[in-house]
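Trainee: sequence and computational prediction follow.
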Amino acid sequence: MSSWSFGLYPLVCNETIKMMRKRRFLVIVLILLVLIPIFSYAQMRISQESQKQLGTSDWRLKTEQQVKEITNRLSGSRTIPGSWRQQMELQVKQLQYALDKNINPATPNGVTFTREFMINAIGLFLPLMVAVIAADLVSGEQSAGTIKLLLTRPVSRWRILLSKLLTLIMFTSLIVLLTGIFCYLIGGGFFGYRGWTEPVLSGFRIIGDQLDTSAVRAIPQWRFILMEFGLAWFSCVVVACLSLMVSVLVRSTAAAMGIMMAALIAGSILSAMASSWHSAKYLFMINLQTTDFLTGSQTPVPGLTIGFSLAVLGIWALAGLIIAFAVFTRRDILN
Amino acid sequence: MKRTNLTWQLTGLAGIVSMAVMLAGFAWAVISLVHPAGAEPADQQAVSTSAPMSAPGEAQGIHILALGDSLTLGIGDEKGEGYAGKVKNLLRQESKQEVYVWNMAVSGAKTTDLLNELESSTLLSYAEQADIILFTIGGNDLNQWAMPSADGTEDLQMNYEEARQHLPEASARLKRIMAILEQHAPKARIVYVGLYHPYPDNDPDRIGGYIIQQWNAESEQLANAYPNMVVVPIYDFFQTKWSEYLFADHYHPNGAGYAEIAARVMQVIR
């Protein structure tokens, strides 16, 4: 086995078992199991409220009402900042398009809930979860002193770090997948389990400040979700790589986690302001919302493209890994 | 040792499977986002895939369709209800039934806007479902001739001559709006709320008042053609107590003003 896997197999196996023993992953599962029902309940209250207001579950009426509300908010207040205004105008156009094509933009079911949850979770919530499991991978061994036991084994250091990285990517994937499964199971309990084949409009593009609908098509919801989760997964893997780098550079787990959290939270604050600071688009945190390209929402810095965002994320991840490996293989382990 | 082996096998397998799924999704997303060509346009699929429209008005109760401009929207009301929201509350108390308001008003709408919307969108299908239709329109048609004075002072310059000249076109559109609503909601109670004078203090010669009264009189005559349509006058109490009933913008009613309008509307729909 070890001949073709560079001796990584037992190492990854070892890291996986350590990860499960540390219970950090379990904590994340518990967080998901607590938060998702709360969000489902809140979502249910919202749809109940609108049902109570309108006395109907007709989605067209609801959507039309939504269009009117946004239009009125737009015309009512001249103080809305430009980027928000644009976002709202785009939203109106998308809703109007959905009405024209007679496709419900949000069928109430567990699948739609899953889709919406991921869009809202990828900016901050999921990256934080990933940072929680990643931050102590190396720093934890350093503060506990187990790093010395690990490095005295006759295995080269880069293999050890690589096994940690592979394990981390595995667990990151698991977190993304479990988020989806929990959303569907719990959200489905509230809203029903059907809806995988419902049509979803995808392919809205923003060119300048105009909504381009030439490439829009209706795709089944399962396919939308698969692509959405794939993009979200990529963002999470990038966060995992950067967290691993921080974990190598910093000796204390608390500090590593603090640094990652500060970066991610700063990113979500900056996203709200970045529309006028264009060079912010080179920061990885600004590009985490990769699902924007699927939904056709305005990106934090206007005019980002999928190619650019993925490239920025990829370069950050790669740079993070290079630093992590360079430092980890050369550093003296002292206490 | 057996247990750790099992832990590893289960998590390892799950991890690899989820990794493969995510990678596939990612690749698919990138391919279809970078090369959107080859996609069939939404129109072709939509027809076959969209769920049939469920009938509105499925919940028991009274359904009100509110159309028109900022007055129907309730701009100026501290509670944000507007007269439509207040009518809802009053009607619910009196009828002991659930009352639903579909407020489709657009702030700043003129007769042309409402007419366009009635002719192009699906609003009319809701008119068919409604028990009561409330609407306001025309205020912005006349008010477009009120220009803030060029030097930026508070005083409004009314171009009454323009307003008078354009009155017939606007009321022709009102006639058309009423006809469309009547045609699609012959059984509903249709209520048109008349205009009031928002600048009585700025109109010493009462020329503006005369034009508004002309509009109101015309709307009553137009509505007279339909037995289920009424015009509710609100000119009178805004004339006498405008300082009490107008919002800080000196144009829209405030909460108290909307409450008075709602009280008037209630008289014809209960």
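Mentor: On my side now, so go ahead. Remember, predicted model here, so these are calculated numbers, not experimental data.

Trainee: could you report the pLDDT at the residue of the stretch 151-300 of chain A found nearest chain B?
Mentor: Residue of the stretch 151-300 of chain A nearest chain B, by C-beta to the nearest C-beta: residue A:230 (2.6 Å). From N, CA and C alone the C-beta is placed, and that goes for glycine too. Listed pLDDT for residue A:230 reads 96.

Trainee: what's the burial count for it?
Mentor: By the criterion of other C-beta atoms under 10 Å in any protein chain shown, residue A:230 has 23 neighbours.

Trainee: again with the one 5 residues further on
Mentor: By the measure other C-beta under 10 Å, the count of residues near residue A:235 is 27.

Trainee: what sits against residue 208?
Mentor: Just going to use chain A. The contact partners of residue A:208, by C-beta atoms under 8 Å, 6 or more residues apart in numbering or on different chains, come to residue A:303.

Trainee: not what I meant, chain B
Mentor: So residue B:208 contacts B:158, B:160, B:163, B:197, B:199, B:202 (C-beta under 8 Å, 6+ apart).

Trainee: wasn't residue A:172 part of a strand?
Mentor: No. Counting by DSSP: H, G, I helix; E, B strand; the rest coil, one finds residue A:172 to be helix, located in no strand.

Trainee: now it: how far from residue A:28?
Mentor: Distance from residue A:172 to residue A:28, counting by C-beta to C-beta, to the nearest Å: 11 Å.

Trainee: returning to what we had before: does the residue of the stretch 151-300 of chain A closest to chain B lie in a helix or a strand, and which?
Mentor: helix A:221-249 (DSSP states H and E).

Trainee: centre of the chain to that helix, how far?
Mentor: 6 Å (C-alpha atoms, centre = their mean, to the nearest Å).

Trainee: what's next to the helix or strand just after it, contact-wise?
Mentor: Where DSSP H and E defines the elements, the next helix or strand beyond helix A:221-249 is helix A:253-273. Under the criterion C-beta under 8 Å, 6+ apart, residues A:123-124, A:127-128, A:131-132, A:134-136, A:139-140, A:143, A:239, A:242-243, A:246-247, A:249-250, A:277, A:280, A:283-286, A:288-289, A:300 lie in contact with helix A:253-273.

Trainee: just checking, which of those belong to helices?
Mentor: Residues of the contacts of helix A:253-273 located in helices (DSSP state H): A:127-128, A:131-132, A:134, A:139-140, A:143, A:239, A:242-243, A:246-247, A:249.

Trainee: where is pLDDT lowest across the residues you listed?
Mentor: Lowest pLDDT among the ones in helices among the contacts of helix A:253-273: residue A:143, with 81.

Trainee: and that residue, how far is that from chain B?
Mentor: Distance of residue A:143 to chain B, given as C-beta to the nearest C-beta, to the nearest Å: 24 Å.

Trainee: that older thread, most neighbours among the contacts of residue B:208, please name it.
Mentor: In terms of neighbours by other C-beta under 10 Å, these top out with residue B:163 at 22 neighbours.

Trainee: I'd say it and residue B:139 touch.
Mentor: No. Using C-beta atoms under 8 Å, residue B:163 is not in contact with residue B:139, being 11.6 Å away.

Trainee: could you report the pLDDT at residue B:218?
Mentor: Note for residue B:218: predicted pLDDT of 94.

Trainee: hang on, it is in a helix, isn't it?
Mentor: Yes. Judged by three-state DSSP, residue B:218 forms part of a helix.

Trainee: give the closest residue to it in space, chain neighbours not counted.
Mentor: Leaving aside its chain neighbours, residue B:218 sits nearest to residue B:171 (4.8 Å; criterion: C-beta to C-beta, 6 or more residues apart in numbering or on different chains).

Trainee: so who does that neighbour touch?
Mentor: B:138, B:215, B:218, B:219, B:222.

Trainee: which one of those is nearest chain A?
Mentor: Scanning the contacts of residue B:171 for proximity to chain A, where the rule is C-beta to the nearest C-beta, the winner is residue B:138, at 17.8 Å.

Trainee: just the element for residue B:134, please.
Mentor: Per DSSP H and E: residue B:134 is located in strand B:132-136.

Trainee: hmm, that strand in reach of chain A?
Mentor: No. Under the criterion of C-beta under 8 Å from any C-beta of the partner chain, chain A is not reached by strand B:132-136; the shortest gap measures 12.7 Å.

Trainee: if you count contacts, what does that strand end up packed against?
Mentor: strand B:62-68, helix B:70-73, helix B:82-95, helix B:160-184, strand B:189-193 (3 or more C-beta pairs under 8 Å, 6 or more residues apart in numbering or on different chains; DSSP states H and E).

Trainee: quickly run through the sheet partners of it, with directions.
Mentor: Using DSSP bridges, the strands paired with strand B:132-136 are strand B:62-68 (parallel), strand B:189-193 (parallel).

Trainee: relative to helix B:160-184, how tilted is it?
Mentor: Between strand B:132-136 and helix B:160-184, the angle comes out at 170 degrees (axes from the mean of the first three to the mean of the last three C-alpha atoms, to 10 degrees).

Trainee: quick one, phi psi at the residue of the stretch 1-150 of chain A found nearest chain B?
Mentor: When scored by C-beta to the nearest C-beta, the stretch 1-150 of chain A has residue A:55 as its residue closest to chain B, at 3.1 Å. Taking degrees, to the nearest 10, you get phi 70, psi 20 for the backbone angles of residue A:55.

Trainee: thought it was touching residue B:61?
Mentor: Yes. Here residue A:55 lies in contact with residue B:61, judged by C-beta under 8 Å, at a distance of 5.5 Å.

Trainee: overlap in contacts, these two.
Mentor: B:98, B:100.

Trainee: and the residue of the stretch 151-300 of chain A closest to chain B, what is it in contact with?
Mentor: By C-beta under 8 Å, 6+ apart, the contact set of residue A:230 is B:22, B:23, B:24, B:25, B:26, B:27, B:28, B:29.

Trainee: residues near residue A:192, how many?
Mentor: Neighbours of residue A:192 (other C-beta under 10 Å): 15.
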